[in-house]
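Visitor: Pasted the sequence and its predicted model underneath.
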Amino acid sequence: MNDTPPAAGGSRHFLDLDLVDATELRRIIDRSGEIKAARAGRPKLMPDDDQPLANRMVALIFEKPSTRTRISFDVGIRQMGGATMVLSGSELQLGHGESVGDTARVLSRYVDAIMIRTFSPEVLAEMAEAATVPVINGLTDRTHPCQIMADVMTYEEKKGPIRGAHLVWSGDGNNVFASFAQGAAAFGYRLTFTGPETLDPDPQILAAARAQGAEIDIVRDAAEAVKGADCVITDTWLSMHDDATARDRRHNQLKPYQVTSGLMHEAGEDAIFMHCLPAHREEEVTSEVFDGPQSVVFDEAENRLHVQKGILRWCMGVL
């Protein structure tokens with residue numbers, strides 16, 4: 001496992017799950033659970049008892065639109081006593097009028113941490129290399145590590161330890177699946193991908209995860225893949241930038257992998273259903289499943305808040 005890239009003294013970047021030691025990921029999950037428990041029943045605006053980000057400023061950069069990432073980081077930072085500066089891609093000159101590295105160097109003089117949600121993983125890497133404050137990966141086209149941290153937390157709230165569990169991903173082998181693959185070795189769950197060969201996961205990510213001990217397999221038949229699964233997971237079939245032709249092509253390829261009540265029946269009544277949102281009902285998942293008793297999607301969404309706080313605390317050396 002690679003060492004976590006350093007930032008300022010005592011602080012660390014959070015870029016991908018395979019760059020953070022498994023014991024540290026577990027510490028973040030456990031601390032996030034404690035943070036959630038401590039806030040139970042409190043008004044949303046009430047500050048945490050512990051204010052580790054008091055007098056600290058965090059830049060939140062969004063080249064991609066966001067609901068859960070933006071709000072969970074913003075609210076979490078405020079609850080921990082910090083302040084936020086929310087910036088869109090149009091407000092910065094990332095890689096255009098100014099290099100990403102130079103932007104990172106400037107921001108490091110103004111803020112105490114940077115969260116970036118961007119398209120290119122190269123932008124994230126360049127930001128982290130040049131920054132002298134912690135950089136957090138809020139999402140790239142390659143990975144989405146914060147989401148998987150919330151999903152692991154949610155799984156363990158509902159079903160107990162995730163080590164040894166069988167998770168099945170149905171659909172497109174996208175950036176969220178990539179982070180599930182990276183997390184498989186660290187958290188010790190078995191991961192199955194079921195989807196069309198044309199939308200298989202990145203083979204380099206699969207190879208790297210397996211080299212670290214991850215148990216990952218590919219099963220083309222969705223009903224066979226989910227048998228005995230502890231958790232069935234899917235994501236939207238479409239990117240916000242896909243045109244009508246791409247939409248039709250993807251629908252045709254992915255229709256056999258729609259999560260329906262029939263597919264959940266194959267998994268079993270104890271299986272839970274996850275989706276990182278936003279969902280397109282009656283596309284990747286039916287409303288019957290999405291709103292049904294096996295669905296934990298809104299618990300996942302809430303846990304983004306608590307996990308984001310744990311990640312920030314870890315990055316800034318105040319876990």
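Guide: Structure's in. What do you need?

Visitor: now the strands: where do they sit in the stretch 201-319 of the chain?
Guide: 215-218, 231-234, 272-275 (DSSP state E, counting those that start in this stretch).

Visitor: actually the stretch 1-150 of the chain, sorry about that
Guide: Using DSSP E, counting those that start in this stretch, strands in the stretch 1-150 of the chain cover 57-62, 83-88, 113-117, 135-139.

Visitor: Switch these over to JSON lines; also include distance to E283 and mean neighbour count.
Guide: C-betas here are computed from N, CA, C, even on glycine. Output for the strands of the stretch 1-150 of the chain, formatted as JSON lines (distance: least, CB to CB, whole Å; neighbours: other CB atoms under 10 Å):
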{"stretch": "strand 57-62", "distance to E283": "25", "mean neighbour count": "22"}
{"stretch": "strand 83-88", "distance to E283": "28", "mean neighbour count": "16"}
{"stretch": "strand 113-117", "distance to E283": "23", "mean neighbour count": "27"}
{"stretch": "strand 135-139", "distance to E283": "20", "mean neighbour count": "27"}
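
Visitor: Any chance of those in a markdown table with mean pLDDT and distance to P43 as columns?
Guide: Output for these, formatted as a markdown table (pLDDT from 0 to 100; distance: least, CB to CB, whole Å):
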| stretch | mean pLDDT | distance to P43 |
| --- | --- | --- |
| strand 57-62 | 97 | 22 |
| strand 83-88 | 94 | 19 |
| strand 113-117 | 97 | 25 |
| strand 135-139 | 98 | 26 |
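
Visitor: quick one, which of these is nearest to M149?
Guide: strand 135-139 (11.0 Å; CB to CB).

Visitor: From what I see, S32 and H306 are in contact.
Guide: Yes - the criterion here is CB atoms under 8 Å, and S32 meets it with H306 at 4.6 Å.

Visitor: what is in contact with these two at once?
Guide: M153 (CB atoms under 8 Å, 6 or more residues apart in numbering).

Visitor: rewinding a little: same list (the strands of the stretch 1-150 of the chain) but as a markdown table, adding distance to G173.
Guide: Output for the strands of the stretch 1-150 of the chain, formatted as a markdown table (distance: least, CB to CB, whole Å):
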| stretch | distance to G173 |
| --- | --- |
| strand 57-62 | 25 |
| strand 83-88 | 29 |
| strand 113-117 | 20 |
| strand 135-139 | 16 |
